[in-house]
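**Student:** sequence first, then the predicted structure, then my questions.
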Amino acid sequence: MADFEIGAVQERFADIVWANEPVGSGELVKICERELNWKKPTTYTVLRKMCEKGLFKNENGVVSSLVSKEEFYSRKSLDIVSESYDGSLPAFIAAFISRRELTKAEADEIQRMIDAFRSGERK
């Protein structure tokens, strides 16, 4: 599968594309100028790199994603767990909640996900 590792600036750019797709490349230049203070060449350079990574395509001046935002962030989450917690989801969750209290609603949602997984209903 494609190399989805990108930096923070490219991630902001990706979020802009996902929020506006399909978007004309000219309109994308205007959005990036407004939101990122980029000039036209910068937008096209970053777009080209993101297309080379397999995240987006630019066909006939229309930019759209090849990888959804959800898929990208899901893969990024898996990479974090794999690289930082030896692939242990319980270790990741323990580290996460040691620094932040879960709300009752968050705990209930996590429990619903676990229950759905156990009953074979996972997404």
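**Tutor:** Everything's here; your move. Residues are numbered from 1 along each chain as shown.

**Student:** what comes up buried for the helix or strand encompassing Trp18?
**Tutor:** Here Trp18 is covered by helix 8-20, with elements defined by DSSP states H and E. Residues of helix 8-20 classed as buried: 10, 13-14, 16-18 (neighbour count, 16 or more other C-beta atoms under 10 Å). Just so you know, the C-beta spots here come from the backbone N, C-alpha and C atoms, and that holds for glycine as well.

**Student:** can I get those in a markdown table including pLDDT and distance to Asn60?
**Tutor:** Below are the buried residues of helix 8-20 laid out as a markdown table (pLDDT from 0 to 100; distance: C-beta to C-beta, whole Å):
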| residue | pLDDT | distance to Asn60 |
| --- | --- | --- |
| Gln10 | 94 | 23 |
| Phe13 | 97 | 20 |
| Ala14 | 96 | 21 |
| Ile16 | 98 | 20 |
| Val17 | 98 | 16 |
| Trp18 | 98 | 20 |
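
**Student:** and the helix or strand following the helix holding Trp18, which strands flank it?
**Tutor:** As assigned by DSSP H and E, the chain's next helix or strand after helix 8-20 is strand 23-24. Using DSSP bridges, the strands paired with strand 23-24 in its sheet are strand 62-65 (antiparallel).

**Student:** ok, residues contacting the partner strand?
**Tutor:** 17-18, 21-25, 28, 47, 55-57 (C-beta atoms under 8 Å, 6 or more residues apart in numbering).

**Student:** of these, which is the nearest to Arg99?
**Tutor:** Trp18 (28.1 Å; C-beta to C-beta).

**Student:** show me the domain layout of this structure.
**Tutor:** For the chain, automatic domain parsing gives the domain ranges 8-69, 87-123.

**Student:** at the geometric centre of the chain, which residue do we find?
**Tutor:** Tyr73 (3.5 Å; C-alpha atoms, centre = their mean).

**Student:** what about the helices in this structure?
**Tutor:** 8-20, 25-36, 40-52, 69-84, 89-98, 104-118 (DSSP state H).
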